[in-house]
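Chemist: build me a model from this:
(2 chains)
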Amino acid sequence: MNVNNMQNDNRSLDTICLNESKLKHTPFHFVKYILIGILFGLLLVKAEIVSWYRIQEMFRLQSFHMYGIIGSAVVVGMVSVLLIKRFNIKTIYGEPIVFQSKPFNKGQVYGGLLFGLGWAITGACPGPLYAQIGSGATIIIVTLLSAIVGTWFYGLIREKLPH
Amino acid sequence: MIDFLKQPWPWYIVGPLIGLMVPLLLIVGNKSFGISSSMRHICAACIPANISFFKYDWKKEAWNLFFIGGIFMGGLIATYWFANPNPIMVNPALAKELAQYGITDYSALVPVQLFNWQVLFTLKGILMIIGGGFLVGFGTRYAGGCTSGHAITGLSTLQFPSLIATICFMIGGFLMANFILPIILSL
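Modeler: Here you go, the predicted model:
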């Protein structure tokens, strides 16, 4: 297998990794993603999605809040994706929008359970970790570093894990 | 207006706006809404250590790193300009349970009595801050996504594997919150 194939194979394990633009962009084009990130960070904090307490309520079925957020987000996301497909909407650069399918593997079960355990301890999935640090909880830098080590350790032992 | 924005925002406003992240990122640049892969890109950029999983051109995914930089700034803006002046409201049943473990401070969204630099050097702190973080990083990568990538993007695009992943996130969370975390909290 040549290097390029191997790289594509590797990147496709995370479907997120395959949609790259063929266009050449100036660094300025990244500003869009910073702005969208700021909006997302604001939403995460102001809706208390980054709250450890909200996550505990969710997993104890003591509040509808998180279910309402995830449920309504999925409905809006689903309708948006349907509209993009139905009307063949292109990106602002005129490129066709591509969707990749995620193939099933056992990782979604084992990894999913492990992440669930971690989510209930830290009260944060990866997005909220960054927002929590921004909100002034500096200790969460350690949680984030540990999560990066966890990601690295997965890469290290990946071939030995059931998939 | 500012006073209104300082209140916690309701789920029926924020949920749909988060759902709009999916088409927004697709339309501005064909990007799949997802966050946990940022940690993989950080590994690829900083500590690839000749591991094949980290041998790819992370610069092509640089948008994701700008996105998480934005999330950090959004958290900062929300806290310094739009902070809720009132204590956080939680379900009385939860408050009662947490009081048993001495958790009574509702001044911040991240409980200051559980997550602080002093606690880090205790068994409870190591389990929660370091152990919890490790499980989040290891688990999301093993599962191939987190709440944003699987539960929101994956379900929005009708991916069956994402439904399985989301169900497993919830099972793991229920087990931890109801059966294991009480033991850790009483340490």
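Chemist: any idea how far residue B:48 lies from residue B:80?
Modeler: Applying C-beta to C-beta, to the nearest Å, the value for residue B:48 to residue B:80 is 36 Å. Backbone N, C-alpha and C define where each C-beta goes, glycine included.
Chemist: who has more neighbours, the two?
Modeler: residue B:48 (16 against 11; other C-beta atoms under 10 Å in any protein chain shown).
Chemist: how much space separates the spatially most central residue of chain B from residue B:71?
Modeler: When C-alpha atoms, centre = their mean is applied to chain B, the residue found nearest the centroid is residue B:147 (7.8 Å). Going from residue B:147 to residue B:71 by C-beta to C-beta gives 13 Å.
Chemist: now do the contacts for the residue nearest to the centre of chain B.
Modeler: Going by C-beta atoms under 8 Å, 6 or more residues apart in numbering or on different chains, residue B:147 touches A:70, A:119, A:125, A:127, B:169.
Chemist: what does residue A:39 give?
Modeler: Residues in contact with residue A:39 (C-beta under 8 Å, 6+ apart) are B:17, B:70, B:74.
Chemist: please apply the same query to residue B:172.
Modeler: Contacts of residue B:172 (C-beta under 8 Å, 6+ apart): A:112-120, B:139.
Chemist: lowest average confidence, helix or strand, in chain A?
Modeler: Ranking every helix and strand in chain A by mean pLDDT, DSSP states H and E puts helix A:3-12 at the bottom, with a mean of 47.
Chemist: can you pull the buried residues of the helix or strand following it?
Modeler: Next helix or strand after helix A:3-12 toward the C-terminus (DSSP states H and E): helix A:31-46. Residues of helix A:31-46 classed as buried under the neighbour-count rule (16 or more other C-beta atoms under 10 Å in any protein chain shown) are A:32-46.
Chemist: run through the helices of chain B in chain order.
Modeler: Using DSSP state H, the helices of chain B run over B:2-6, B:11-19, B:21-29, B:37-46, B:62-81, B:92-100, B:123-125, B:132-143, B:155-156, B:160-175, B:181-185.
Chemist: which neighbouring elements make contact with the fifth one?
Modeler: Using 3 or more C-beta pairs under 8 Å, 6 or more residues apart in numbering or on different chains; DSSP states H and E as the contact criterion, the elements in contact with helix B:62-81 are helix A:31-46, helix A:126-134, helix B:37-46.
Chemist: how far does the longest one sit from the chain's center?
Modeler: Helix A:31-46 sits 14 Å away from the centroid of its parent chain (C-alpha atoms, centre = their mean, to the nearest Å).
Chemist: the helix or strand following that helix packs against which elements?
Modeler: Per DSSP H and E, helix A:31-46 leads on to helix A:52-59 as the next helix or strand towards the C-terminus. For helix A:52-59, the helices and strands in contact under the criterion 3+ C-beta pairs under 8 Å, 6+ apart are helix A:65-86, helix A:107-122, helix B:92-100, helix B:160-175.
Chemist: run through the residues that contact residue B:94.
Modeler: A:53, A:56-57, A:60, A:62.
Chemist: if we use 10 Å, what do you get?
Modeler: Taking C-beta atoms under 10 Å, 6 or more residues apart in numbering or on different chains, we find residue B:94 in contact with A:53-54, A:56-57, A:60, A:62-63, B:103.
Chemist: residues near residue 54, how many?
Modeler: This is for chain A. What residue A:54 shows, counting by other C-beta under 10 Å, is a neighbour count of 25.
Chemist: hm, I was asking about chain B
Modeler: Applying other C-beta under 10 Å, we find 22 other residues in the vicinity of residue B:54.
Chemist: please apply the same query to residue B:86.
Modeler: 11.
Chemist: ok, it - contacts?
Modeler: B:6-8, B:106-107.
Chemist: so which of the residues you listed reach chain A?
Modeler: The residues of the contacts of residue B:86 that also fall near chain A, by C-beta under 10 Å from any C-beta of the partner chain, are B:6-8, B:106.
Chemist: and these, which is closest to residue A:101?
Modeler: residue B:8 (36.6 Å; C-beta to C-beta).
Chemist: what pLDDT does the model give the nearest residue to that closest one once chain neighbours are set aside?
Modeler: Leaving aside its chain neighbours, residue B:8 sits nearest to residue A:48 (5.3 Å; criterion: C-beta to C-beta, 6 or more residues apart in numbering or on different chains). Residue A:48 carries a pLDDT score of 97 in this model.
Chemist: and residue B:2, by the same measure?
Modeler: 83.
Chemist: for it, grab the count of nearby residues.
Modeler: The burial count for residue B:2: 7, using other C-beta under 10 Å.
Chemist: and residue B:163, by the same measure?
Modeler: Residue B:163: 15 neighbours (other C-beta under 10 Å).
Chemist: just checking, it touches residue B:150?
Modeler: Yes - counting by C-beta atoms under 10 Å, residue B:163 does reach residue B:150; the two are 8.4 Å apart.
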